[in-house]
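1. coordinates only, sequence not included:
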Ligand code: SF4
């Protein structure tokens, strides 16, 4: 048994190395034990292999965009069925798992549980660069850097996404491997790519010590001095700018009734600040939500938290959170009312669950990802990350590449 990853406070789960497993069909044992019948083993072997090769039933482990290509492969234009391959929506009737898409740390144990339910002999195809290595997301806290950290892979089908023909080619490669089976022995698995090579980003990223600092400076400069003339919708030389009217907004983002309410009842002086929605005192926040609900703002649209980490250096500032809220009315002329809360260090935000039922899971999400506490929430527990996750991944001080054994 091999265990991946290193401990950093997570519960370590065992990952079995299945690469060396062999499979023996019960028929072989019976034939070998009957005198004289052993000569038939070779022919029976060939017949069994032929049968398996031409009826590879696929279990679709489709989690994102590559899954669409997998579906296309099974549809009439490409028609996997002509190879004897059909897709079964149960692991117990399938022998090839096609992992098509990004696998997250939360999904990985489910994939493993499904893989374990597939009967031997079984094979796995990693379809697309996300399944092979995690691709763009491989250094992201929530993503498994390749499904071969979870289960043994027989064939890698590269691409982003690979098209249905590429998947067919992968299945043909798999048939070659199945043909190599003799006397119940599984063919050797493909060597999995070296994990360190796979997880190391190929391009040094912003603020990466390996990256040339001059590139960072250049990027910051160009972002700071970007003007309207940098926009891609600017007409080319000689062309006239189209005089199209701007589209009519669906909803007003700062309705006059909200401005009046904030000014007259909630003592907010700056009802239309330049840097975002108006800031409301934390202790008046629930009362404001109740008033807005009474005025017809019936939908709780969102609460989004931002973490401002403690500043060290010339101008020290303590860590704090800022929350942005939006509620909206429905029907013609729908309006959106938005406001902000600024929390002092260690302060909890009053929960809006008592006013808007929809605030329940949105507040849980902000607690889970950013670590904001909501006073009075009836069930403040994780909703996006696994239950045993350590920390809040969207805090600014959270390492994006944090390990999560045994999955990444
Ligand atoms: S490899 Fe590309 S197409 Fe496939 S799941 Fe990843 S991002 Fe989507």
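-> That came in fine, so what should we check first? Values in this document were obtained by computation on a predicted structure and should not be read as measured data.
2. pretty sure residue 162 contacts residue 67?
-> No - in this structure residue 162 lies outside contact range of residue 67 using CB atoms under 8 Å: 11.7 Å. C-beta coordinates here come from the backbone N, C-alpha and C atoms, glycine included.
3. more neighbours, those two?
-> Per other CB atoms under 10 Å, whichever of residue 162 and residue 67 has more neighbours is residue 162, with 24 against 19.
4. ok so that one is a helix residue?
-> No - judged by DSSP: H, G, I helix; E, B strand; the rest coil, residue 162 forms no part of a helix; its state is coil.
5. shift numbering so it begins at 20
-> Will do, 20 is the new start, and the previous item becomes residue 181.
6. how about low-confidence regions in this protein?
-> Within the chain, the segments meeting pLDDT under 70 span 20-45, 47, 57-61, 200-230, 235, 238-273, 332-334.
7. for residue 151, what are phi and psi?
-> phi -70, psi -50 (degrees, to the nearest 10).
8. give me the number of residues near it?
-> Neighbour tally, residue 151, other CB under 10 Å: 25.
9. tell me the contacts of it?
-> Taking CB atoms under 8 Å, 6 or more residues apart in numbering, we find residue 151 in contact with 145, 165, 166, 167, 175, 177, 212.
10. distance of the closest residue to the ligand within the stretch 270-419 of the chain relative to residue 413?
-> When scored by CB to the nearest ligand atom, the stretch 270-419 of the chain has residue 419 as its residue closest to the ligand, at 17.9 Å. For residue 419, the distance to residue 413 (CB to CB, to the nearest Å) stands at 10 Å.
11. give me the more crowded residue out of those two.
-> residue 413 (17 against 10).
12. and the nearest residue to the more buried one once chain neighbours are set aside, how many neighbours does it have?
-> In space, and not counting its chain neighbours, residue 413 is closest to residue 388: 4.3 Å by CB to CB, 6 or more residues apart in numbering. By the criterion of other CB under 10 Å, residue 388 has 21 neighbours.
13. and the one 5 residues further on, by the same measure?
-> When counting by other CB under 10 Å, one arrives at 23 neighbours for residue 393.
14. go on, residue 288?
-> So residue 288, with other CB under 10 Å, has 9 neighbours.
15. that older thread, is the residue nearest to residue 413 in a helix, a strand, or coil?
-> With three-state DSSP as the basis, residue 388 sits in helix.
16. try residue 187
-> Per three-state DSSP, residue 187 ends up helix.
17. how close does it sit to the ligand?
-> 17 Å (CB to the nearest ligand atom, to the nearest Å).
18. can I assume that residue is in contact with residue 96?
-> No - Residue 187 lies out of contact with residue 96 (CB under 8 Å); the separation is 11.7 Å.
19. quick one: which of those two has more around it?
-> Neighbours around residue 187 and residue 96, counted as other CB under 10 Å, are more numerous at residue 187. The numbers are 19 against 7.
20. for residue 424, see how far away that one is.
-> Distance of residue 187 to residue 424, given as CB to CB: 36 Å.
21. for residue 397, same thing?
-> Taking CB to CB, one finds residue 397 at 33 Å from residue 424.
22. which one of those two is surrounded by more residues?
-> Neighbour totals were compared for residue 397 and residue 424, and residue 424 leads with 17 against 9 (other CB under 10 Å).
23. residue contacts, the residue nearest the centre of the chain?
-> Taking CA atoms, centre = their mean, the centroid of the chain lies closest to residue 123, which sits 5.5 Å from it. Residues in contact with residue 123 (CB under 8 Å, 6+ apart) are 82, 161, 162, 163.
24. touching, the second one and residue 417? I think so.
-> No - look at residue 161 against residue 417 with CB under 8 Å: they stay out of range, at 11.2 Å.
25. and those two? Which one has more around it.
-> More neighbours surround residue 161 than the other of residue 161 and residue 417, with 20 against 17 (other CB under 10 Å).
26. who's the residue nearest to that one when sequence neighbours are not counted bridged to?
-> With sequence-adjacent residues excluded and distances taken as CB to CB, 6+ apart, residue 161 is closest to residue 123, at 5.0 Å. Taking DSSP bridges as the rule, residue 123 bridges to residue 162.
27. tell me how far residue 123 lies from residue 143.
-> 18 Å.
28. before we move on, what about residue 151?
-> 11 Å.
29. overlap in contacts of the two?
-> residue 166.
30. need the residues of the stretch 120-269 of the chain near the ligand, please.
-> 120, 121, 147, 148, 149, 154, 179, 180 (CB under 6 Å from any ligand atom).
31. quick revisit: SS state for the residue of the stretch 270-419 of the chain closest to the ligand?
-> Residue 419 ends up coil, using three-state DSSP.
32. surely it meets residue 159?
-> Yes - assessed by CB under 8 Å, residue 419 is found in contact with residue 159 at 6.2 Å.
33. identify the contacts common to those two.
-> With CB under 8 Å, 6+ apart, residue 419 and residue 159 have no common neighbours.
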